[in-house]
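Predicted model and sequence below, questions to follow.
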Amino acid sequence: MTKHLEMYDDFETVVTGESTASKQALLKVLKKHSETISVFDLMLISADMHHESRYVQRKYREETNKVYVKYFLCRVKEICDNKKYYDGNIDKNEFIEAIAKLQDYQKNESSELKSKFSLLYSIVSLYTTFILEEPIHPVGTLFPGSLKVEEKNGIYYCPVKEANIDSPNAVCKLCIAEQLDF
C-alpha cells in the first residue's frame, strides 16, 4: 500500500468516534507521515518541480521555485519538528471533503516519485489549511500579471483561485483564501 493511502487510513482516527476532530490529532498523523519523506525524496521532488516549471515565464519561474521549495519542501521539516500544541478543532465536514479532493488528485499517480509528491502535497496542504489556518500559497506569492496573494483584515485573497478552482491538480479547492477582486 502506498504511503499516502496509509495516511488516509490514519485519518479515520482523527474524524471518527468523536463529535469534534482536534488539530492535535491531525498534526500527529501529519507528523507520522512527514517522517516517511526522506531528504532524497525531497531532492527528487525538487528536481521534478524545477523541471515542470520550465513552461512558466522566466520572470515568475525563479520566484515560483523559491516559494515551492520554502513552503512545500521545507514545510515537511517544520511539521516533523513542530512541538507546538494546537488547541482547538477542525471542521470535520470540511476535512472529509478536503481528503476526498486530495484522493481524487492522487488516483492517477503511478510512479514512486509522483506518489511521494502526492504525499507531500497532501501533508502540506492539510497542515497549512487546517492546522495553521493559512492559505496554501503564502501571502506575497507572485502570479502572472504581477498579482500576489494578499491578507486584508485577517482575510486571505488569491488572484487566481477562481481561474484554477476546477483544475484537477490545484489545491485551490481546499485553500482558505478567497478570490481577489482586481
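Looks like it arrived, so ask away. Residues are numbered from 1 along each chain as shown.

Is it correct that residue 6 is in contact with residue 12?
No: at 11.2 Å, residue 6 does not count as touching residue 12 under the criterion of Cβ atoms under 8 Å. Where C-beta positions appear, they are placed from N, C-alpha and C, glycine not excepted.

Kindly state the domain boundaries assigned to the chain.
The chain is divided into the following domains under automatic domain parsing: 3-133, 136-182.

which of the ones you listed has the lowest average pLDDT?
Of all these, domain 3-133 carries the lowest average pLDDT, namely a mean of 84.

what about the nearest residue to residue 22 once chain neighbours are set aside, how many residues close to it?
What sits nearest to residue 22 in space, not counting adjacent residues and going by Cβ to Cβ, 6 or more residues apart in numbering, is residue 89, at 5.4 Å. By the criterion of other Cβ atoms under 10 Å, residue 89 has 17 neighbours.

phi, psi of residue 89?
According to degrees, to the nearest 10, the main-chain angles of residue 89 amount to phi -120, psi 160.

One more: residue 181?
Torsion angles, degrees, to the nearest 10, at residue 181: phi -90, psi 130.

What of residue 157?
Torsion angles, degrees, to the nearest 10, at residue 157: phi -130, psi 140.

Run through the helices of the protein in chain order.
Using DSSP state H, the helices found in the chain span residues 3-10, 12-15, 23-34, 39-52, 58-68, 74-81, 92-106, 112-126, 161-164.
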